[in-house]
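Chemist: Requesting a structural model of the entry that follows:
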Amino acid sequence: MAIEVTDVSRYEFADIGFMGENVPVQVSEVQLSGNCSPCQFNWSRPWGAPSRIEFAKGNYTISYLAPLRDNNLQGVFTRPYHVNVTIPQEFNVQNLLLAGISQGANVTRHTDNTTTVQWNKTASFNVRFYDSGREELLWFFLQFMGILVLVLVVIPYILSMKKTE
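Modeler: Here you go, the predicted structure:
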């Protein structure tokens, strides 16, 4: 994940909990880049709070690896930002039954089958994506439900109509 920040001096590695609280996220391979080479930062890991990095105030790109839960990426900020999420080609956001994108997003599908989702000046974002296996499972479920409706509703109705004649 890469996040561009402007005019800041620290960044917390946190996710949003059930009640909106900050939940610590385990991250690795943290890199800070900007108008410095190399950019220096200090780790801070307060007990019970999310870990964070501190650096000289400025504009930076913070890159790190973190686990995703349930194919869902979300973020909440204290002030509005421009958010740009690139979804790899093996994932998709087009089926509204499987995917979810918070309001105000612009979705662009590229020729290499990657997808870019952008928000302009948003204080929060949420994007849920899926792979082809989940889409196949959805179609199997919908077909199974169609067969059940046919067997349990339509056929008994037709048979009851024939009995009344």
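Chemist: Flag every buried residue along the longest strand seen in the chain.
Modeler: The single longest strand within the chain, with elements called by DSSP state E, is strand 72-87. Under the neighbour-count criterion of 16 or more other C-beta atoms under 10 Å, strand 72-87 has Leu73, Gly75, Tyr81, Val83, Val85, Ile87 buried. In this view, the C-beta of every residue, glycine as well, is placed from N, C-alpha and C.
Chemist: The nearest residue to the last one once chain neighbours are set aside: how many residues sit nearby?
Modeler: So that's Ile87. Closest residue to Ile87 apart from its sequence neighbours, by C-beta to C-beta, 6 or more residues apart in numbering: Thr115 at 4.3 Å. Close neighbours of Thr115, defined as other C-beta atoms under 10 Å, add up to 20.
Chemist: So Tyr130 is in contact with Leu98, correct?
Modeler: Yes. If you go by C-beta atoms under 8 Å, Tyr130 and Leu98 touch, sitting 4.2 Å apart.
Chemist: can you tell me how far Cys39 sits from Phe13?
Modeler: Counting by C-beta to C-beta, to the nearest Å, the gap from Cys39 to Phe13 is 17 Å.
Chemist: Settle it for me: which of those two has more neighbours?
Modeler: Neighbour totals were compared for Cys39 and Phe13, and Phe13 leads with 19 against 16 (other C-beta under 10 Å).
Chemist: How about the contacts made by the more buried one?
Modeler: Contact partners of Phe13, counting by C-beta atoms under 8 Å, 6 or more residues apart in numbering, are Pro24, Val25, Val27, Pro50, Ser51, Arg52, Tyr64, Ala66.
Chemist: which residue ranges form the strands in the chain?
Modeler: 2-12, 14-16, 22-24, 28-34, 42-44, 52-65, 72-87, 91-92, 100-101, 105-109, 115-128, 130-131.
Chemist: which of the contacts of Phe13 are buried?
Modeler: If we count by 16+ other C-beta under 10 Å, the contacts of Phe13 have these buried: Pro24, Val27, Pro50, Ser51, Arg52, Tyr64.
Chemist: Setting aside sequence neighbours, what's the nearest residue to the third one?
Modeler: Read it as Pro50. Pro50 sits nearest to Ala14 (C-beta to C-beta, 6+ apart), 3.7 Å away.
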